[in-house]
Each structure stands twice: as structure tokens, then as C-alpha cells.
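Trainee: how would this look folded up:
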Amino acid sequence: MSTTLRKRSRPDRRWLSALAILALYLVSRLHNLDALPLFQDESLYIDTAQRVREGQFLNSAVTNGRLLHVWTNAVLGPYPPAVGWVTRAGMVIAGLAGLAGFYRLACSMVSPRAGWIGLLLWLAAPYLLLYERMALADTMFNITSVILVWVAWKLAQTGRRDVALGVGTALFVTLLAKVTALVWLPLPAVAALFVPRIGWRRRLVVAGLAYGAFALLAGPFWLVLRWKQYDYLGLSDSMLGGVDRNLWDRTWQNIQLVWDIDVAYLGWPVILLALLGGLFWLAQRPRSALFTLLVLGMVTGGSLLFGRDVNSRRVLSHVPWVILPLVAGITLLIERLPRWQPAIYAALVLWMAAFFAPFQLAAWNDPPDLPLYGNDVREYVTGEASGYGVTRVGHYLRDLPDPLPTLGFVANCLTLRYAAYPVEVACPKIAWDGTSQAQLMRQAESWAAEGPVYVVAEPLVYVDLAALPAPHTVILVADRPGSDQPVTLYRLDQGARRPEGE
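Mentor: Numbers count the residues shown, from 1 in each chain. All right, here's what the predicted structure looks like:
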């Protein structure tokens with residue numbers, strides 16, 4: 001009797017452990033979610049989602065190659081003043097689906113113990129923490145990719161026809177998340193090849209069903225896009241280089257870049273132990289290990305071979321397939337050498353305390369102190385695409401008793417607009433090549449002819465502030481952390497004119 005009760009209690013304890021980790025995940029992602037101001041791309045997605053709610057379902061501003069994220073935001077209804085929190089919280093909730101898929105995948109490939117260890121390592125990976133607290137299409141692509149691989153592995157286990165249809169559907173949903181899901185096109189065929197103890201005819205049938213379901217969904221979708229003259233594949237054209245004589249140099253440079261990013265956001269111990277764990281896994285359970293290796297090759301290969309502008313968020317989706325070999329290695333080692341279990345768990349706790357905890361505390365309390373990699377510092381903190389500076393100015397405008405008409409001559413103008421709500425901020429289009437310079441200054445002069453006006457501006461290479469209509473007064477200078485690129489609020493007097501010759 002007591003033996004039976006013990007056997008029943010073990011799965012219950014594992015479920016309780018998994019639920020506790022999921023609760024910690026929500027706390028780690030949701031607490032002080034607005035600590036990092038909205039990055040430019042986040043605000044663009046929000047703006048497009050607002051227009052989707054107005055009926056522009058295929059607005060091309062940022063939806064080329066990224067429709068699912070924009071549609072999800074539209075369902076959430078992101079309107080000020082809580083616009084940033086709502087969209088980011090929506091991404092965190094969606095992240096639970098990816099986390100659940102990863103849990104089920106680790107349980108199925110290795111064991112239930114691997115499932116909750118996988119949850120713990122996902123929770124504690126700074127790389128995932130950074131982007132799961134932001135509302136970006138790359139995060140949505142990572143979520144849908146994990147679910148797709150989980151369904152594909154289920155097909156590889158069962159060979160069931162209904163699961164094959166699920167793979168095709170999941171592949172289409174992942175394509176909606178981001179056009180780079182094209183890297184997953186070989187996955188249904190790979191899953192069919194891994195189905196055990198069936199003939200080639202049945203393998204062809206299940207692969208055909210998966211691709212057929214995908215084509216049945218993607219075909220009409222593609223025709224509608226063509227009819228509406230939207231280039232959904234245009235994103236891939238801008239991100240990928242061709243097969244040319246620079247292919248090897250680009251590939252080697254991308255390999256070094258991704259390696260450096262992983263070292264920065266995961267740490268040497270995780271990467272080295274993931275390599276060792278993968279080898280151990282391959283020796284112990286080659287079928288699941290080889291499947292995961294092929295998955296890693298698919299999701300990373302395109303970026304490494306053809307990526308023209310690789311950065312940390314664009315290769316985010318490879319992180320689960322780095323973590324999974326580590327999870328498998330830890331779990332199989334515990335099963336082989338159970339006496340090592342306390343030491344292994346102690347090492348995990350030590351790594352979380354030394355590497356993850358400081359990152360988490362900085363993300364909650366002081367994001368500029370995050371040990372970001374390379375250009376991420378400029379993107380999210382110091383540069384014109386970051387929300388720093390413009391958010392402070394926006395809050396200043398919001399709190400004024402008598403606001404004036406306001407123009408935003410800043411790159412991240414939409415974040416300025418959301419921060420200033422309910423004060424209205426006009427965001428003229430700024431051309432990166434400087435061709436909009438004269439038009440911007442004419443607009444400022446035209447507005448000033450009717451009365452005093454505010455202009456929010458920053459020293460951009462494509463906006464010359466020396467041509468700003470005068471007389472004007474500097475009202476506020478908002479510095480960005482660690483940057484020499486402040487955001488300035490000017491008050492243009494009525495009748496202000498551009499300098500002669502401008």
C-alpha cells in the first residue's frame with residue numbers, strides 16, 4: 001500500500017514543481033515590465049496593430065513577414081496609457097505556450113525529470129529573459145517554433161495522420177509569426193523519416209499530409225497577399241545575402257557572432273556543458289538527440305549561411321535547442337549516477353545565483369546596467385531606436401497643465417507619442433538619407449506661424465537641428481544612459497522662421 005502511494009506521489013510532486021516554476025516564470029517576466037522603455041520596433045508593431053483594429057488587416061508598414069504578432073496585438077487592444085505593458089504582458093502569456101511545448105518535448109525525449117529541469121533552465125536563461133520581456137516578432141517566432149518542433153516530434157513518435165495535419169498547420173502558424181519560418185520547411189520530411197517501424201509508403205503519406213495541410217493554408221493566404229500586392233517575403237530579401245564569393249566569409253563571421261552572443265547571454269558553462277550533454281545524449285539515446293541536432297541545424301543554418309545583418313534577437317530561436325542538450329545530459333547523468341544528484345542540483349543553483357540573478361535584478365530595477373552584447377546596448381539603451389530620453393520627454397509633456405502642439409523629430413517618435421498620452425504628438429516621416437530635412441523644417445515653421453509649438457528632437461545624422469526655426473528655447477534635455485545623444489524639447493515662438501538659405 002505504501003509503495004503504491006509513493007509511486008503516485010512522485011508524478012504529483014513533479015507537476016507541483018513544474019507549476020511552481022511556471023509561477024516563477026510569470027513573476028520574472030511580468031514584474032516591473034515597463035522598466036525598459038519601448039524599443040522602436042515594439043512601438044511600430046503597436047502602431048500597426050492599432051491600424052489593424054481600424055480595418056487595415058494587411059498594413060504593410062511592419063507586417064511584411066510578421067503578421068501573427070501584429071494580429072495578436074490587435075486582439076489585445078493596445079491603446080495608451082498602458083500600451084507597452086499590455087503588449088509585453090501578452091507576449092509573456094503567449095510564452096507560456098512555448099514553455100509548455102518545451103516541457104512536453106523534454107519529457108517525451110528524455111524523461112519527466114528533464115521536463116522540469118528544462119523549465120528551470122528556460123526560466124533562468126538571460127537570453128530568453130531579455131526578449132520575453134519585450135514585444136517583438138522574434139519572440140513570437142521562437143514560441144511558435146518550439147510548438148512546431150514538439151508536434152513534429154510527436155509525429156516522429158507515432159506516425160499518426162492527424163498529427164501530420166497538425167504539423168502542417170503549426171508550420172503555417174510559424175510562417176505567420178515570421179517569414180524566416182521557411183527554414184522549417186524540411187521538418188515534416190525529417191519527422192516522417194524518424195517514424196519507427198513503418199514502410200516508405202506510409203512515410204510518404206504522413207509527409208504528404210503535413211505538406212498538404214500547409215499548402216492548403218499557405219496557398220490561399222499567398223494568393224490573397226499577391227492580390228493585395230503585399231510582399232510577405234520582402235523581409236527575407238532584406239535580411240539575406242546571396243550565394244556569392246563572400247558566402248564563406250559571411251558564414252564564418254556569423255558563426256563567430258552567434259558564438260559571442262551565446263557566451264554573453266548564456267555563459268561559458270552552459271555552452272560547454274550543452275556540447276558535452278549533447279554528446280552524452282547522442283551516445284545514450286541517438287534518435288532523439290539526432291532529431292534535436294537537425295532541428296538546431298535548420299533554425300540556425302539559414303542565419304549562419306545567409307544572414308546579412310545577424311543580431312541577438314534574430315537568432316533567438318536557436319536558444320531552446322542549445323538548452324535541450326544540456327537538459328538531456330543533466331538528466332541522463334543523474335539517472336546513470338544518482339549519487340551525483342545533489343552536486344548537480346547545487347551547481348544549477350550556484351549558476352542561477354551567480355549568472356541569472358544579477359541579470360534578473362537589473363532587468364527589474366535598472367535595465368541600463370544589463371550586461372548587453374555589442375550593438376544591443378545601442379539598440380535598447382543608448383541609441384536613437386531606444387525608448388530612453390523620448391519616454392522622459394513624453395512624460396514631461398503629459399504632465400504639463402497647458403500643452404502646446406508638438407512635433408517629434410526623433411527616430412523613436414511613436415514611443416514619445418505613447419509616453420505623452422493624452423497629449424497629441426505628430427510624428428512626421430523621417431527619411432534615413434536626409435531627404436526629408438527641408439520638409440520637416442517647413443512643417444515646424446508652418447506650425448509656428450499659427451502659434452507657439454513644441455519640437456522634440458535629437459542629434460540625428462539625417463536631421464540637421466541647425467536649421468530649426470528660430471527664435472526657440474530649450475525647455476528640457478533628457479540624456480540617455482551612457483550616451484552623448486540627448487533628446488531635447490524645444491519651444492518655438494510664434495512666427496519662428498528657418499535660417500536664411502534653408
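
Trainee: Which parts of this protein belong to which domain?
Mentor: Using automatic domain parsing, the domain parsing of the chain gives 9-369, 383-497.

Trainee: Which parts of the stretch 301-450 of the chain are helices?
Mentor: 320-336, 341-351, 357-365, 376-377, 390-398, 413-420, 437-448 (DSSP state H, counting those that start in this stretch).

Trainee: buried residues in stretch 97-112?
Mentor: The neighbour-count check on stretch 97-112 (16 or more other C-beta atoms under 10 Å) flags 98-112 as buried. Yep, even glycine has a C-beta here, placed from its N, CA and C like the rest.

Trainee: now, which of the residues you listed sits nearest Val206?
Mentor: Using C-beta to C-beta, Ser108 comes nearest to Val206 of those, at 17.7 Å.

Trainee: For that closest one, give me its contacts.
Mentor: With contact set as C-beta atoms under 8 Å, 6 or more residues apart in numbering, Ser108 has these partners: 150, 153-154, 157.

Trainee: Now go through the buried residues of stretch 97-112 and say which are in helices.
Mentor: Of those, the ones assigned to helices by DSSP state H are 98-109, 112.

Trainee: the helices in the stretch 51-200 of the chain, which residues?
Mentor: 67-76, 83-109, 112-123, 126-132, 137-158, 161-177, 187-194, 200-227.

Trainee: Output the longest strand belonging to this structure.
Mentor: strand 487-497 (DSSP state E).

Trainee: So which of the contacts of Ser108 wins on neighbours?
Mentor: Counting neighbours by other C-beta atoms under 10 Å, Trp153 leads the contacts of Ser108 with 24 neighbours.

Trainee: right, and Phe291 touches Trp153 too?
Mentor: Yes - Phe291 lies in contact with Trp153 (C-beta atoms under 8 Å); the separation is 6.5 Å.

Trainee: what touches both of these two?
Mentor: Met109.

Trainee: so who does Val455 touch?
Mentor: Contacts of Val455 (C-beta under 8 Å, 6+ apart): 406-409, 444, 468, 472, 489-490, 492.

Trainee: average model confidence for the longest strand of the chain?
Mentor: Average pLDDT, strand 487-497: 95.

Trainee: Partner strands of it, with direction?
Mentor: According to DSSP bridges, strand 487-497 forms sheet pairs with strand 453-457 (antiparallel), strand 470-478 (antiparallel).

Trainee: okay but Asn375 is in contact with Asn311, surely?
Mentor: Yes - counting by C-beta under 8 Å, Asn375 touches Asn311, with 6.1 Å between them.

Trainee: And those two? Which one has more around it.
Mentor: A direct count of neighbours by other C-beta under 10 Å for Asn375 and Asn311 places Asn311 higher, at 18 against 11.

Trainee: Tell me who's in contact with the more buried one.
Mentor: 374-376, 379 are the contacts of Asn311 under C-beta under 8 Å, 6+ apart.

Trainee: what do you get for Arg314?
Mentor: Neighbours of Arg314 in contact, by C-beta under 8 Å, 6+ apart: 138, 180, 239, 303, 307.

Trainee: Closest one to Thr415 out of those residues, please.
Mentor: Asp138 (18.5 Å).

Trainee: any idea how far the closest residue to that closest one other than its chain neighbours lies from Leu272?
Mentor: Closest residue in space to Asp138, ignoring its immediate chain neighbours: Arg313 at 4.5 Å, by C-beta to C-beta, 6 or more residues apart in numbering. For Arg313, the distance to Leu272 equals 24 Å [C-beta to C-beta, to the nearest Å].

Trainee: Which one of those two is surrounded by more residues?
Mentor: Using other C-beta under 10 Å as the criterion, Arg313 and Leu272 rank with Arg313 on top: 23 against 11.

Trainee: Looking at that one now. What's its pLDDT?
Mentor: We have a pLDDT of 94 for Arg313.

Trainee: Got the phi and psi for Pro401?
Mentor: Main-chain torsions, Pro401, degrees, to the nearest 10: phi -70, psi -30.

Trainee: how close does it get to Val423?
Mentor: For Pro401, the distance to Val423 - C-beta to C-beta - is 11 Å.

Trainee: quick one: which of those two has more around it?
Mentor: Val423 (19 against 4).

Trainee: which residues does the more buried one contact?
Mentor: If you count contacts by C-beta under 8 Å, 6+ apart, then Val423 has 397-398, 400, 403, 406 around it.

Trainee: Derive a PyMOL selection command for the buried subset of those.
Mentor: Listed next is the PyMOL selection for buried residues among the contacts of Val423, using 16+ other C-beta under 10 Å:
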select buried, resi 397+406
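
Trainee: With distance to Leu187 and pLDDT added, can I get the contacts of Val423 in TSV?
Mentor: Output for these, formatted as TSV (distance: C-beta to C-beta, whole Å; pLDDT from 0 to 100):
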residue	distance to Leu187	pLDDT
Leu397	49	97
Arg398	48	95
Leu400	54	94
Pro403	53	90
Thr406	49	97
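
Trainee: of the contacts of Val423, closest to Phe356?
Mentor: Using C-beta to C-beta, Arg398 comes nearest to Phe356 of these, at 35.2 Å.
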